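Trainee: A structural model of the following input is requested.
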Amino acid sequence: MNGDAGLLLPLIKISGALVLVVALLLLALRALRRWSGPGVGGDGPAAIRLLATRPLGPKKFISLVRVPGALLVLGVSADQIRSLAQIDDPDVLAEIDRTPPAGNARFGDHLARLTRRGTD
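Mentor: Next comes the predicted model:
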């Protein structure tokens, strides 16, 4: 019984230290989210929206990205990101903004919708 009492004090100290470390991590996370601005850590509206990505080959993709004032078509490889096209048409941008973001939307669907709009 006396051996149990000798282990209780170190166990309480270790538990207290663990609670303190977790509390400090939570405070640091909260400060990071607060001072980082919108779109970081999942809070607030994101200024950049990835609409769709399609693989073209090993480590090569084409992506549609919505940024304030434009829609970008980007070529992405392991080494670089290159702007392939920029769409500034206010009507197209308004239509993109009205469309809710879909995590599993296909690149071809977005491209077909945009090209169909140009032929109407």
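
Trainee: got the residue ranges for the strands in the protein?
Mentor: Using DSSP state E, the strands of the chain run over 49-57, 60-67, 70-77, 81-87.

Trainee: Redo those as TSV? Include mean neighbour count and mean pLDDT.
Mentor: Where C-beta positions appear, they are placed from N, C-alpha and C, glycine not excepted. Output for the strands of the chain, formatted as TSV (neighbours: other CB atoms under 10 Å; pLDDT from 0 to 100):
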stretch	mean neighbour count	mean pLDDT
strand 49-57	13	87
strand 60-67	16	89
strand 70-77	17	92
strand 81-87	12	92
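
Trainee: right, so of the ones you listed, which gets closest to Arg98?
Mentor: Nearest to Arg98, of all the strands of the chain, is strand 60-67, at 11.8 Å by CB to CB.

Trainee: returning to what we had before: can you redo the strands of the chain as TSV with distance to Arg98?
Mentor: Conversion of these to TSV gives the following (distance: least, CB to CB, whole Å):
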stretch	distance to Arg98
strand 49-57	13
strand 60-67	12
strand 70-77	13
strand 81-87	15
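
Trainee: Between these, which one is closest to Asp97.
Mentor: Nearest to Asp97 among the strands of the chain is strand 60-67; the distance by CB to CB comes to 7.7 Å.

Trainee: helices and strands around that closest one, which ones?
Mentor: Of the remaining helices and strands, those touching strand 60-67 by 3 or more CB pairs under 8 Å, 6 or more residues apart in numbering; DSSP states H and E are strand 49-57, strand 70-77, helix 90-98, helix 107-119.

Trainee: Mind listing the strands it pairs with, and their directions?
Mentor: Partner strands for strand 60-67, per DSSP bridges, with pairing direction: strand 49-57 (antiparallel), strand 70-77 (antiparallel).
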